[in-house]
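**Q** need the 3D shape of this:
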Amino acid sequence: MTPLTQQLEAILFVTGDPMSEAEATRLLKCSGPELADAIAELREHLADTGVALVTTDGQLQLTTASNVATIISSLHVDADSELSTTAAETLALVAYRGPVTRSEVDAIRGVDSSRALRQLALRGLVERTRVGSHYTYQATVGFLRQMGLTHLSELPEYKTLSSPEALQELLDT
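**A** Below is the predicted model of the structure:
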């Protein structure tokens, strides 16, 4: 690995939290293309390990690889940490359709989802972002980490369920 890739791995390991690509380039004193090369090299280096590099919306984070996520999740089993059916439905909608507004989630579910969205945000599974006069919700890197994924596109049937047109076609059949 190049020294830049080693440094990237080290800062992501030490921080533990998501880091923006802009912050990484500033800390590493490198250009965007150099960072992109280091990200690709680090991802390749981690391919056969128990650690994965998650990149979402310009954020980077080291997390547990999906092939070992089950064993790691067994370390944190807590009955109180399970999501309610309402929260799980809401989280699925946000993951597949995000960024999405609360009113869009409410329209799909047919009920008020504000409490579930608030609980999911408190757990760090979704984040709320102000867009103009309203808020949108989207899945977080924490959600990906908990699911053992590196990108939302790894969700089952993501291509179909994330596309309104494909989903409507599926519902019409």
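**Q** which element is residue 128 on?
**A** Under the criterion of DSSP states H and E, residue 128 resides in strand 126-131.
**Q** residues making contact with that strand?
**A** 91, 94, 98-99, 117, 120-121, 135-140, 143 (Cβ atoms under 8 Å, 6 or more residues apart in numbering). The C-beta positions use only the backbone N, C-alpha and C, and glycine is treated the same way.
**Q** would a markdown table of the residues you listed with secondary structure be doable?
**A** Shown next, in a markdown table, are the contacts of strand 126-131 (DSSP: H, G, I helix; E, B strand; the rest coil):
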| residue | secondary structure |
| --- | --- |
| 91 | helix |
| 94 | helix |
| 98 | coil |
| 99 | coil |
| 117 | helix |
| 120 | helix |
| 121 | helix |
| 135 | strand |
| 136 | strand |
| 137 | strand |
| 138 | strand |
| 139 | strand |
| 140 | coil |
| 143 | helix |
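**Q** of all those, which two lie farthest apart?
**A** 135 and 143 (17.3 Å; Cβ to Cβ).
**Q** residue 150 reaches residue 52, doesn't it?
**A** Yes. Between residue 150 and residue 52 there is a contact under Cβ atoms under 8 Å: 5.1 Å.
**Q** please enumerate the strands of the protein.
**A** 19-20, 51-56, 59-64, 100-101, 126-131, 134-139 (DSSP state E).
**Q** nearest to residue 8, out of these?
**A** When these are compared by Cβ to Cβ, strand 59-64 sits nearest residue 8, at 7.9 Å.
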